[in-house]
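**Student:** all I have is the shape, not the residue letters:
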């Protein structure tokens, strides 16, 4: 009965699929594995080409059309998994008239066996089969990645580089203090560290060894270099907001007017997706952040697994941080009163759970503020 139902479903999907060539791309550094199908026959044609060889790709598309008896100018639909290749391949395929989708790799169905067979050929076959189902109307077969424009992708580089530089600064600072601590010295890293270094004494009262001093000097120079780069980017960021030239920059200025939200958080929210993505409802917004509940119910078992954490990690971590700031700087807002009424008198664990719920509501309120101009109820604006 199960097999007959599956066969019936496959026949219905096949009937919905238009006559076109379906292509999956399994990407790697040196070779791309291509899977072709017409959406009707069970046979999948799998071939390999050199990576980035779009002339070979065009040739294999022509051969696949002949193999499946399709027209020379028929439509082509393709897909590949989101990965380190980014979106440049997607843009080239679109320019060539190929209807391509980028798929979230974590949403692809896989076998739950302890040991499952996996090869590039099998992955290409699986992808093209799921692409046919997706084209037939099974939109939940996987999650499609929203591809930003070139301009939106370029605008995300500044704050992401700043994020990396801040991590580098913490790493250098921690490394310097760790080296000194092994010699019995506990000092804070200050601007005159190099002058202070010569006066430091180990736990036994002796001066630092020459090699250790040289290593600390080199480490501090790298710290200063990262610090200088960060200051340059921060200055560039402020200058862009003084004279906003894009819609995204105007949204950052608007968002920054709210108490409790500064340039770092507003820039991250807008440049990551509020500046270029369109959301139809609050559920789409919460899913894009990865702040949606994940229940686990089977028979008498019914428990929560927390949030999905499958969305944009930068926005998710930042909005949770800003939720704490919102309670401090916007205590009279409706969102803060809701949190205090429900979680204010609870234990530490429940307050941490509640702050995630507040973060979800806060991001929805900020999104509506940018889209409609309606200030969150009870929220205060900064004084000019």
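**Tutor:** Alright, I've got the coordinates. These numbers come from a predicted model, not from an experiment.

**Student:** tell me which element residue 60 falls in.
**Tutor:** helix 54-67 (DSSP states H and E).

**Student:** after that helix comes which helix or strand?
**Tutor:** Next element after helix 54-67 (DSSP H and E): strand 76-81.

**Student:** just want the angle from that following strand to helix 54-67.
**Tutor:** Per axes from the mean of the first three to the mean of the last three C-alpha atoms, to 10 degrees, the angle that strand 76-81 makes with helix 54-67 is 130 degrees.

**Student:** contact partners of strand 76-81?
**Tutor:** Applying C-beta atoms under 8 Å, 6 or more residues apart in numbering, the external contacts of strand 76-81 come out as 20-27, 61, 89-90, 93, 97-105, 108, 127-128, 130-131, 134-135. Every residue, glycine included, has its C-beta placed from N, CA and C.

**Student:** show the buried residues in these.
**Tutor:** Among those, those classed as buried by 16 or more other C-beta atoms under 10 Å are 20-27, 61, 89-90, 93, 98, 100-103, 127-128, 130-131, 134-135.

**Student:** elements contacting the helix holding residue 60?
**Tutor:** Using 3 or more C-beta pairs under 8 Å, 6 or more residues apart in numbering; DSSP states H and E, the elements in contact with helix 54-67 are strand 21-26, strand 31-37, strand 45-50.

**Student:** need the ones you listed in CSV with mean pLDDT and distance to residue 83, can you?
**Tutor:** Shown next, in CSV, are the helices and strands packed on helix 54-67 (pLDDT from 0 to 100; distance: least, C-beta to C-beta, whole Å):
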stretch, mean pLDDT, distance to residue 83
strand 21-26, 96, 10
strand 31-37, 95, 12
strand 45-50, 95, 18
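
**Student:** include distance to residue 270 when you put the ones you listed into TSV, please.
**Tutor:** Supplementary listing: those in TSV, determined by distance: least, C-beta to C-beta, whole Å:
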stretch	distance to residue 270
strand 21-26	32
strand 31-37	35
strand 45-50	39
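
**Student:** of all those, which lies closest to residue 252?
**Tutor:** strand 21-26 (36.0 Å; C-beta to C-beta).

**Student:** give me the angle between the closest one and strand 31-37.
**Tutor:** Counting by the same axes, to 10 degrees, strand 21-26 points 150 degrees away from the direction of strand 31-37.

**Student:** other SSEs contacting strand 21-26?
**Tutor:** Looks like strand 21-26 contacts strand 31-37, helix 54-67, strand 76-81, helix 120-135 (3+ C-beta pairs under 8 Å, 6+ apart).

**Student:** rebuild the ones you listed as CSV, extending it with distance to residue 253.
**Tutor:** Supplementary listing: these in CSV, determined by distance: least, C-beta to C-beta, whole Å:
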stretch, distance to residue 253
strand 31-37, 43
helix 54-67, 41
strand 76-81, 37
helix 120-135, 40
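
**Student:** what's the closest of these to residue 248?
**Tutor:** So among the helices and strands packed on strand 21-26, strand 76-81 is nearest, using C-beta to C-beta, at 27.6 Å.
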